[in-house]
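Peer 1: output the structure for:
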Amino acid sequence: MNVNQSAPPVPPFGQPQPVYPGYHQSSYGGQPESTAPPTSYGAYNGPVPSYQQTPPPGVSRAPPSSEAPPASTAQALCGQAAYGQFGQGDVQNGPSSTVQTQRFPGSQPFGSVPLAPVVSQPAVLQPYGPPPTSAQVTAQLAGMQISGAVAPALPPVGLGYGPPTSLASASGSFPNSGLYGSYPQGQAPPLSQGQGHLGAQPSQRSAPPQASSFTSPASGVPRMPSMTGPLLPGQSFGGPSVSQPNHVSSPPPQALPPGTQMTGPPGPPPPMHSSQQPGYQLQQNGSFGPVRGPQPNYGSPYPGASTFGSQPGPPQPLPPKRLDPDAIPSPIQVIEDDRNNRGSEPFVTGVRGQVPPLVTTNFLVKDQGNASPRYIRCTSYNIPCTSDMAKQAQVPLAAVIKPLARLPPEEASPYVVDHGESGPLRCNRCKAYMCPFMQFIEGGRRFQCCFCSCINDVPPQYFQHLDHTGKRVDAYDRPELSLGSYEFLATVDYCKNNKFPSPPAFIFMIDVSYNAIRSGLVRLLCEELKSLLDFLPREGGTEESAVRVGFVTYNKVLHFYNVKSSLAQPQMMVVSDVADMFVPLLDGFLVNVSESRAVITSLLDQIPEMFADTRETETVFAPVIQAGMEALKAAECAGKLFLFHTSLPIAEAPGKLKNRDDRKLINTDKEKVENDQERFLSDLRRDVQKVVGFDAVMRVRTSTGIRAVDFFGAFYMSNTTDVELAGLDGDKTVTVEFKHDDRLNEESGALLQCALLYTSCAGQRRLRIHNLALNCCTQLADLYRNCETDTLINYMAKFAYRGVLNSPVKTVRDTLITQCAQILACYRKNCASPSSAGQLILPECMKLLPVYLNCVLKSDVLQPGAEVSTDDRAYVRQLVTSMDVAETNVFFYPRLLPLTKSPIESTTEPPAVRASEERLSNGDIYLLENGLNLFLWVGASVQQGVVQSLFSVSSFSQITSGLSVLPILDNPLSKKVRALIDSLRAQRSRYMKLIVVKQEDKLEMLFKHFLVEDKSLSGGASYVDFLCHMHKEIRQLLS
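Peer 2: As a prediction, this is how the structure comes out:
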């Protein structure tokens, strides 16, 4: 069924009521009716019509509202499938029990029998006691639990997310009924876990789910009204929690038990990371899967289960309850749902403001006028019309642009358009390039610019008549009038010094100091370069690359090589004056590989021998870069320097460095080279072969109303608009932030045009154009319905990583948390329907914002552990600056894949599990990837046969910890795991080195650092704790 259909007009009291004496309801309390036909449920599996009954006289009702009915004390929402946080599924009942139901006498005063709190609408029913103080509310939040069976989701298809309404999540566990006695101060009462199991039941729907019966706490105290039948998996006594399309609700705060006194003055609860925090137990190893059995140190699912049918004994001390991780938004579930719903259909870009599938979904793109999401992704595809609205929502408006992104083979590269000597057609005023959004008028003789509204003449050679809709009759024959992305051949006016560029050059600069020779790096590199030079980047269709190559070796001095094709042997020229660097030769330094092949091979054979007996340990570095720059300048071409450097440059020369942190910058013993050889060669091959745009200048133009104000990435800017890049490849992104400078119009929307001027590998000057049209909105709900959390996190991480250069880390972290709280509080205040303050309500497409933001906050840059060096932090900071959305997604929330769960013959990737130690089972093997590293975690109880098949040793104890290569064995499991590792490496822009980690081994600490839903050693909060902290922040903002 479609979650997006509107709910039938059922009043909130259409739900079945608790059983009252004399109020007969068939199939409650007795056996379920076998004749109940499968019913077509309303929206969100609403009430089945046959169960709607009129209330007994005298029962007061709340007025109808868009919200779910209050979750009464022991009332299940009958006729409603049990819902988890993420959508819907079928849940069937087990056998019902025959415990009689009773209700309280109507005349009983309110105060005498304490009741669990009702999640009520404003102005519906008076609360039974005085409202809790702020101190009580915060204390109650520490014990927050979201209950309800987590069922497979059917997330929204397309953009409609249904009406923004919230639902109460039931989590009453009769805190005041006397069964458990009183609790220590500030500690919420425990909630029971579900007793049922899903596996063995048939899948068809039967009678509506029923809640579990509950025996009276003690003689003399009347029983609570109750339904009969066992609990559903994961369900607590208050009935299932229900998720709605635009919401993720957490439960209301629990009332404090009678007799509990709040001694101190009201104030905030203790900090979340305190180890004495009563709300949550330590997270333990457990089995993976949706319904987990009892785990070590957790206690049984329902500690009071043994006294179910009889009078309970004295109250037992119980561990404090903790929020169930299965009941909070799961990244894995969201990713899986998007794959299932949006992976099969191509994404057609013809419609303005469409939110694309997630970066984790494999999908095809059909360009019909807007740029593919592989080139541009936005934080929101529906932007506020006014700056006031944007300030209120606090959602950053940004685009992550990857102008030269690599496309899958099934998608065509952008067409190249050649307009001859006249060059590409542009607006006279704002200089925007011709695109599908330009409006032709006056029979096609003029066009109106869609960016600045200027009217321009159409040159005679470009003129074409219009059809009856006002479109040019040749629109579909011209890429610039029908596609979102295309290229123009640039004229000489777009070139430096009005002169077409020469083909680019690659210069290989090799460290030949004692360190580099001894480690074997020089010999390895020279062997690899012989074959690698055949794979220099080339334009499509050409037989050989136009890229020229040159060679330099260095230690304290530099050696340049003449490898001209007419020479029998290469010639070496030495420059020892490193303080005043110059290039000693021009002719013969940069050559074409195919012409000078023999001389180059001879040189690469000689270099390792020439320096084999060197004793020179000191190296220079800055003069080497300077020499490369001078060489490219002298040859009047763009290019790339490949520097192979092994030790800290401590020789007397410009750029000399000192040892920092009492450690060598790079550890270069022989063992290290052997260990990292595969990674080094793989990255080198990829770097030499990938297509690069040289001498690039990028400008982003926008339609009236917004403008680009800030840029993030690895580039240089000489003014406020032009992003300059010496080289740009298919992995690099530039992130652009936009701000309002005028009011936007809902009808016309907003337009972006990214224009990149660059020199191709063949030496051609080109312009690559990407266009994107976005919607504009006057309602905040439309903004929140069209956001892209992955892109938002990419922007926020880059913003924070730049912030640490000028501000204390704590300030940067606090800024991020505040902004996130403001975004979610604005949604809660303006878009969600009124509900209890104890509920955490998240927009559907932002429900992963807290978990992902917590991962950014715990990263090495913003919360480094003691073992993270300054160099490591600087490296990661620089790396993330130009990552695209897919890379930041897996970098901050790594993928954890169980390898022994899926059948061996299955060729598909195993489904991922959440990145938490709780999901690891010590009888399994898991693969974790974060885009930079691969970890193979081996549980201590893995079957001997599995160990033999993968590692070719007979027991767990014989596996070498830290192993980086799996043995090549001829068995299905070994082949499957090695194929999976290869496929993961192929998806990423860097080679991921494998590290085998054994359970309980010292390397396990490193592995656990990537289990980002857990507490980190450096003090980072667990996902559960951070969600509670966010909830507190949001409530403070709202109050």
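
Peer 1: okay, and Ser682 sits in which element?
Peer 2: Following DSSP states H and E, one finds Ser682 within helix 670-689.

Peer 1: now the element after that helix, going C-ward?
Peer 2: Downstream of helix 670-689, the next assigned helix or strand under DSSP H and E is strand 692-702.

Peer 1: mean confidence score for stretch 554-568?
Peer 2: For stretch 554-568, mean pLDDT rounds to 94.

Peer 1: err, stretch 734-749, not the other one
Peer 2: Stretch 734-749 comes out at a mean pLDDT of 95.

Peer 1: and that stretch, how far apart are its ends?
Peer 2: Start to finish, the residues bounding stretch 734-749 are 23 Å apart (C-alpha to C-alpha, to the nearest Å).

Peer 1: buried ones in it, by neighbour count?
Peer 2: Neighbour counts over stretch 734-749 (16 or more other C-beta atoms under 10 Å) mark 734-738, 740, 744, 748-749 as buried. Heads up, the C-betas are built off the backbone N, CA and C, glycines and all.

Peer 1: how about stretch 897-917?
Peer 2: Quick answer for stretch 897-917 (16+ other C-beta under 10 Å): 897-901, 910, 912-917.

Peer 1: adding distance to Phe440, write those residues out as CSV.
Peer 2: Output for the buried residues of stretch 897-917, formatted as CSV (distance: C-beta to C-beta, whole Å):
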residue, distance to Phe440
Leu897, 53
Pro898, 57
Leu899, 58
Thr900, 62
Lys901, 59
Pro910, 53
Ala912, 50
Val913, 55
Arg914, 53
Ala915, 53
Ser916, 57
Glu917, 62
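
Peer 1: can you lay out those residues as JSON lines showing pLDDT?
Peer 2: JSON lines is the format used below for the buried residues of stretch 897-917 (pLDDT from 0 to 100):
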{"residue": "Leu897", "pLDDT": "95"}
{"residue": "Pro898", "pLDDT": "95"}
{"residue": "Leu899", "pLDDT": "92"}
{"residue": "Thr900", "pLDDT": "87"}
{"residue": "Lys901", "pLDDT": "84"}
{"residue": "Pro910", "pLDDT": "90"}
{"residue": "Ala912", "pLDDT": "94"}
{"residue": "Val913", "pLDDT": "94"}
{"residue": "Arg914", "pLDDT": "94"}
{"residue": "Ala915", "pLDDT": "95"}
{"residue": "Ser916", "pLDDT": "94"}
{"residue": "Glu917", "pLDDT": "93"}
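
Peer 1: just the ones of those in strands?
Peer 2: 897-898 (DSSP state E).

Peer 1: which one of the buried residues of stretch 897-917 is nearest Asp814?
Peer 2: Relative to Asp814, the closest of these is Ala915; by C-beta to C-beta it sits at 24.8 Å.

Peer 1: run through the bridge partners of Arg472.
Peer 2: Leu466 (DSSP bridges).

Peer 1: my read is that it contacts His465, right?
Peer 2: Yes. Using C-beta atoms under 8 Å, Arg472 is in contact with His465, at 7.4 Å.

Peer 1: now do the shared contacts for the two.
Peer 2: Residues touching both Arg472 and His465 (C-beta atoms under 8 Å, 6 or more residues apart in numbering): Gly444.

Peer 1: which helices and strands sit right next to the longest strand seen in the chain?
Peer 2: What stands out as the longest strand in the chain, according to DSSP E, is strand 765-777. Strand 765-777 is packed against strand 376-378, strand 382-384, strand 485-489, strand 750-759, with contacts defined by 3 or more C-beta pairs under 8 Å, 6 or more residues apart in numbering; DSSP states H and E.
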